Every structure is written in structure tokens, then in C-alpha cells.
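>>> Here is a sequence with its predicted model. Questions after.
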Amino acid sequence: LVSQMEIDLETKLDWIAVDHYNTEHPHTHIVMSGKRDDGKDLVISKDYLSHGMRERGSALLTRELGLQTEAELVAKLERETGQRKLTRMDRILMREMDRNGAINLDNLKRNRPYYQKRLHTLRSMGFARHQSGGIWSLDDQLDVALNALEKSDTIAVRIQRAVRSAGLDRISAYEQGLFKYGDAVHGRLLKVGYDDELMDRRYAIVDGLDGRVHHFDLGTSYPKDLKPGDMLEIKPRSPGALGMDQTIANVAAQNRGIYSLKQHKQSDPKVSAKHSAMINNRIAALERAGLVQRFHGAAYSIGPDFIDRVDEHFGKAAKRSPNIIRKLEGRVFETQVRAFGQTWLDQQLAGQAVESIGSAGLGGDVRSAMDDRMRRHFQRGIVNDQDAKELNDNQLKLLQKEGMLHASLDIAKETGLTYRAIKPGDRIEGTFKRVHQTEHAKFAVIDRGREFSLVPWKRSLEKLRDRPIEITMSRSRDIAWTVGRTRGLSR
């Protein structure tokens, strides 16, 4: 083929080819240098790329294998009659449709029995209807419907193969549905594969904690370090403006194009603290994207074309990356049954975890591990009731304290510093220097000169990194922190 291309293009070609078996359909890639043998740019017309190469390849195969026999043509037509995707026969049928969507089989004298058989298949799928005699009508969106059916079947096969390859027994599987703000799936990554290798689009199969196996379109922009076994949170990316964006625009329109949460609460006194926090997070995201500008303090300038710009920006982002993916740490629950300290399983047992756990599939495995964890707690005397199914706040804090103690031993050995535990009623000052990650938990290390203390890490602590902070522990062992005084740290 390349030799014939060299004749057509009148130049020697510098090329390599590779056979790929990493998608549902084995295929070959040909990569060529962009230079001709005389050093000039290699320019190939679009028509040659679309049709010329295909015709040359077809001619070579015909010369190598000979013309299709009648038996081969019949077998090809027979295969097409039952396929659940758009076929060459469907395209011919669509061309034969009149303006009312009707087809007269009398116009298809050649291979008519096969077209009739195909129409019966389409009728069983709900895409065709027999009117009378040789007159049929087709769905006016037949090509769209069959392409969607093929995609659905491809997804089902991908999920089935991923589940089988992982040695799992799962009874239900789901394709990602329409965008719904706030929807999120938590689960274990089974596979990342190519959806479109040419465009570098990938897909992911996730064994969800909700008991279902999910298929997600990752697009072309996704975390490149994903690997099977990772625990993930995946939620759909907004394809445009959200309802809260319209709320921001409405409040700004009432205040000469300026939005602030204070003005928002004045116009709607019933706005909740949770909704206020969501608005703040959204404003921060919009500011990072350059869609709003800080006017003064916590007030923002909102332009008259704000909604249109948000639609355009997030629409493009959703095409590149339809889903937002976040790796979840400390979710390898199989090793947490016998672990010391507070684990994610304990947070589930105390009702403090955000993930919803199903009763089947991976969710069922987690529930089984939770039962084993409670039996372990009873054996260690952390719970007194053998039939207990939940942990209370005090038991959770006791496990947290135990986890800090184990982590402190590692840090003390590493740094030579002395660990000072924070006790109920304590108020200490220090500097948040770094994060210590254990297999099941994450702690903020508070440097206090020759001593250090530990507190459970939270995302909100990151803005205080390398700053003096003051930490207090209430009598109920609740921990709070504020920016510390700058006059010096107490020892």
C-alpha cells in the first residue's frame, strides 16, 4: 500500500506501521514523516486521505485475495440482516425512503429477500413498521438510533469483560446517564481503555460502592496516573451554566452588576449555610476560570454576558473531560478490618462517611468488612455489645487517638522530636509544617520546636500551611484551629 502511495504522491515516504489489539477491533496505524524526499513539506489532499488510500487498499486486497464469490457476498448480506448497528443495507434503505419515510421493496429487486429480512429485524427493534405489501416505513432517526444501540452494546461488552477479567461476580451494570449536578459515583477502578484511539479518548469501568458497575467517558483530559484498583470519586462535569450561576447573575443584576454573599442574603434571607458554602465554592471556581472578577473584598463584578460565557467555557471543558475524577485515599477496606486507629470503615460505622454503600457488589463486600471490623472492636474491648452495628462518637475519637499514637511513633523515630498529645481542654500553638500519611489515615503535623503534635488532616488546613496556628481541644475531644499569634510560639 505504501509503495503505491509513493507512486501516487511522487516521493519516497519515511514511515513505520504498528498493529494494535488494544480496542474491540484490531487495526493498524501508519505513521509518516511530514517531509518529502526533497525536503519539502509532504501535503496529502483530503480526498486522497478519505478515498484514494481506501481504493488503493481495496484494489490490493482484491488482487491478493480475488473477487468476492457469490457465496461470500451472500454470507455478508446474511450477517448484516441481524446486526444491532448501522449497516450498508440500512444506508441503502434510508436512501430509498420517500418524503413520508416509506420504502417500496419493489424498487429493490436485487437481494430483495435480504432487505426484507433486515426490515423484519429493524421492526423487532422498534425502528421499522410494515404498512402493506412491499411498503415499509422507517424511523426518521434510524441512523442515530442504531448508532446509539451499537454504543450501548459496546459498553455492555466492555463492562462484562472488565468484570470477568477482575474475577468478580456482578449482576447489574450501568452506563453513565444524563448530567445531574451533584451526582457522584464512588468505587474501585477496574479498567481504563480506549474509546477512540485516534482522538485519544478513554473510558473507565468502575465497580461502584452502590452495588453497580459503571461505564464513564473520560474524554481526552483525565488523571494520567489512574490504575486498576484505585478508589475514585467520579461526578459529571457541568456542560454549561448551573442554577446557582443564574442566581448569581440575578443578584448581581439587582446590584448594578456586583455580586456578594451579603447582598445575596439581603435579597433572600432564607438562603442556608450549606447553599452559601456551595455558592462560595462556585464563585472561587468561576474566578479561577476568569469568568468573574473580584471587585472589592468579597464582592465580584458580573458582566451582562456572564451566563453565555459560563455556558461556552464549561461546554468546551465538558467535551474534553465529561467527568471530574478524584482519587480517594484510605479506602482499601480489605486491610482495615484488623488495623489500629480510625479507618474509613469506622467512619462508615459511625455514619460520618459521605459515600453511600449498597447491599450488593462492592457495597456488599464493604458491609461484610464492616461486620468483621465490629467483631474485631468487640474482641479488643472498644465496643462492649457483641451485637453492636454502629460506633458512637466517643468510640470513634478513641480510635482516632490510637491512630495518632501509632503515627507519632513513626514520626518521632524519623525526626527525633518528642510527641505531645493534645488533651481535652488543651490550647497549644505551633506551625502546620507537613502531612503524615499512614495506610488508613492522614494527619497534620504541628511543629512546636522540640516537640510536635498531630491533628486529623482536613482540606481546609492547607491554607494554613507554614503559618502559626492555635489549636484547642474541647472536653468532648472536638478539635478547632485558628490563625495563631505572631508574637512567638509557646513551647
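Noted; the coordinates are in hand. The structure presented is a predicted model; accordingly, all values stated were derived computationally and were not measured.
>>> Would you tell me what helix or strand Phe314 is located in?
Following DSSP states H and E, one finds Phe314 within helix 306-320.
>>> repeat for Ala162
Assessed by DSSP H and E, Ala162 sits inside helix 142-165.
>>> Which residues belonging to stretch 83-91 are considered buried?
Across stretch 83-91, burial judged by 16 or more other CB atoms under 10 Å covers Gln83, Leu86, Thr87, Met89, Asp90. The C-beta positions use only the backbone N, C-alpha and C, and glycine is treated the same way.
>>> Now the third one. Nearest residue, chain neighbours left out?
In other words, Thr87. Excluding its sequence neighbours, the residue lying closest to Thr87 (CB to CB, 6 or more residues apart in numbering) is Glu80, at 4.4 Å.
>>> And the one you found, what's its pLDDT?
At Glu80 the predicted local distance difference test score is 93.
>>> Pull up the gap between it and Gly57, please.
Distance from Glu80 to Gly57, counting by CB to CB, to the nearest Å: 21 Å.
>>> So those two - more neighbours on which side?
Glu80 (18 against 13; other CB atoms under 10 Å).
>>> which residues touch the helix or strand hosting that one?
If you go by DSSP H and E, Glu80 is part of helix 70-81. Taking contacts as CB atoms under 8 Å, 6 or more residues apart in numbering, the residues outside helix 70-81 that touch it are Gln68, Thr87, Arg88, Met89, Asn111, Tyr114, Lys117, Arg118, Thr121.
>>> Need the residues you listed in a markdown table (columns: distance to Ile446 and pLDDT).
Below are these laid out as a markdown table (distance: CB to CB, whole Å; pLDDT from 0 to 100):
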| residue | distance to Ile446 | pLDDT |
| --- | --- | --- |
| Gln68 | 77 | 78 |
| Thr87 | 67 | 94 |
| Arg88 | 70 | 92 |
| Met89 | 72 | 93 |
| Asn111 | 80 | 89 |
| Tyr114 | 77 | 93 |
| Lys117 | 76 | 94 |
| Arg118 | 72 | 94 |
| Thr121 | 69 | 95 |
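>>> And the furthest pair within the residues you listed?
Gln68 and Thr121 (22.7 Å; CB to CB).
>>> Helix or strand next in line after the helix or strand bottoming out on mean pLDDT in the chain, which one?
Ranked by mean pLDDT, DSSP states H and E, the weakest helix or strand in the chain is strand 173-175, scoring a mean of 63. Counting by DSSP H and E, the element after strand 173-175 in chain order, helix or strand, is strand 185-196.
>>> which of the residues in that next one are buried?
Buried residues in strand 185-196 (16+ other CB under 10 Å): Val185, His186, Gly187, Arg188, Leu189, Leu190, Lys191, Val192, Gly193, Asp195.
>>> residues in contact with it?
22-23, 158, 162-163, 165-166, 168, 201-210, 213-214, 216-218, 226-235, 328, 355-356, 362.
>>> Can you tell me which of these are buried?
Buried among those by 16+ other CB under 10 Å: 158, 162-163, 166, 201-210, 213-214, 216-218, 226, 230-235, 355, 362.
>>> mind listing which of these are in strands?
201-208, 213-214, 216-218, 231-235 (DSSP state E).
>>> one step back: residues touching the helix holding Phe314, excluding its own?
In contact with helix 306-320 (CB under 8 Å, 6+ apart) are residues 179, 219-221, 237-241, 245-246, 248-249, 252, 286, 289, 291-292, 303.
>>> can you tell me which of those are in strands?
Counting by DSSP E, the contacts of helix 306-320 place Gly219 in strands.
>>> Mind checking which of the contacts of helix 306-320 are in helices?
Asp245, Gln246, Ile248, Ala249, Ala252, Leu286 (DSSP state H).
>>> Spatially, which two of these are the most separated?
Pairwise over the ones in helices among the contacts of helix 306-320, using CB to CB, the maximum falls at Gln246 and Leu286, 12.7 Å.
>>> Have a look at those two and say which one is more surrounded.
Leu286 (22 against 13).
>>> any low-confidence regions in the stretch 101-250 of the chain?
Within the stretch 101-250 of the chain, the ranges that satisfy pLDDT under 70 run 172-182.
>>> quick one: low-confidence ranges for the stretch 301-450 of the chain?
Checking the stretch 301-450 of the chain against pLDDT under 70 turns up nothing.
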